[in-house]
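Peer 1: What follows is a predicted structure for the sequence shown.
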Amino acid sequence: QVQLVESGGGLVQAGGSLRLSCAASGSIFSINAMGWYRQAPGKQRELVAVITSGGRLNYADSVKGRFTISRDNAKNTVYLQMNSLKPEDTAVYYCNAHVSTVIATWGMDYWGKGTLVTVSS
């Protein structure tokens, strides 16, 4: 069993910054990609940023230049530094990780419960 726990969400004014963290724990053999998705009210969940175990990065066009994803492999933790926040960034942010365990060596996707980010204008 693998658990992902997010932290760092909250209320911030437009132009402000927040840093999200997500720590993975449990019967982890290895973690490939870790990333962040978000879902705004009435909209589908969308990719924000992803980072592979090798450090390859991918960002949604809407956050390029403002958000930075990073990870600490020793701590099984992924971070999302969000700067120059806009009201349209308001959403529940979910952590995702593709994790290999002893039982599921091929890897499975796990999700956190989400953390709310609210950006006021």
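Peer 2: Ah, there it is.

Peer 1: Please name the nearest non-neighbouring residue to residue 118.
Peer 2: Nearest residue to residue 118 in three dimensions, chain neighbours excluded: residue 11, at 4.7 Å (C-beta to C-beta, 6 or more residues apart in numbering). Bear in mind the C-beta positions are built from the backbone N, C-alpha and C, glycine included.

Peer 1: What is the neighbour count of the one you found?
Peer 2: Taking other C-beta atoms under 10 Å as the neighbour definition, residue 11 ends up with a count of 12.

Peer 1: give the contact list for it.
Peer 2: Residues in contact with residue 11, defined by C-beta atoms under 8 Å, 6 or more residues apart in numbering, are 118-120.

Peer 1: could you pull out the strands for the chain?
Peer 2: Here the chain has its strands, by DSSP state E, at 2-7, 10-13, 18-26, 30-39, 46-51, 57-59, 67-72, 77-82, 91-100, 108-111, 115-120.

Peer 1: What lies in contact with the fourth one?
Peer 2: Outside strand 30-39, the residues that touch it by C-beta under 8 Å, 6+ apart are 20, 22, 24, 45-53, 58, 69, 71, 73, 76, 78, 80, 89, 91-100, 107, 114, 117.

Peer 1: go with 6 Å
Peer 2: 45, 47-53, 71, 78, 80, 91-94, 96-100 (C-beta atoms under 6 Å, 6 or more residues apart in numbering).

Peer 1: From those residues, list the buried ones, please.
Peer 2: Buried subset of those (neighbour count, 16 or more other C-beta atoms under 10 Å): 48-51, 71, 78, 80, 91-94, 96-100.

Peer 1: Show me which pair in those is furthest apart.
Peer 2: Looking at the buried ones among the contacts of strand 30-39 by C-beta to C-beta, the two members farthest from one another are 91 and 100, with 28.8 Å of separation.

Peer 1: With adjacent residues omitted, what lies nearest to the residue most central in space within the chain?
Peer 2: To find the centre residue of the chain, average its C-alpha atoms and take the closest one (C-alpha atoms, centre = their mean): that gives residue 36, at 2.5 Å. Closest residue in space to residue 36, ignoring its immediate chain neighbours: residue 48 at 4.3 Å, by C-beta to C-beta, 6+ apart.
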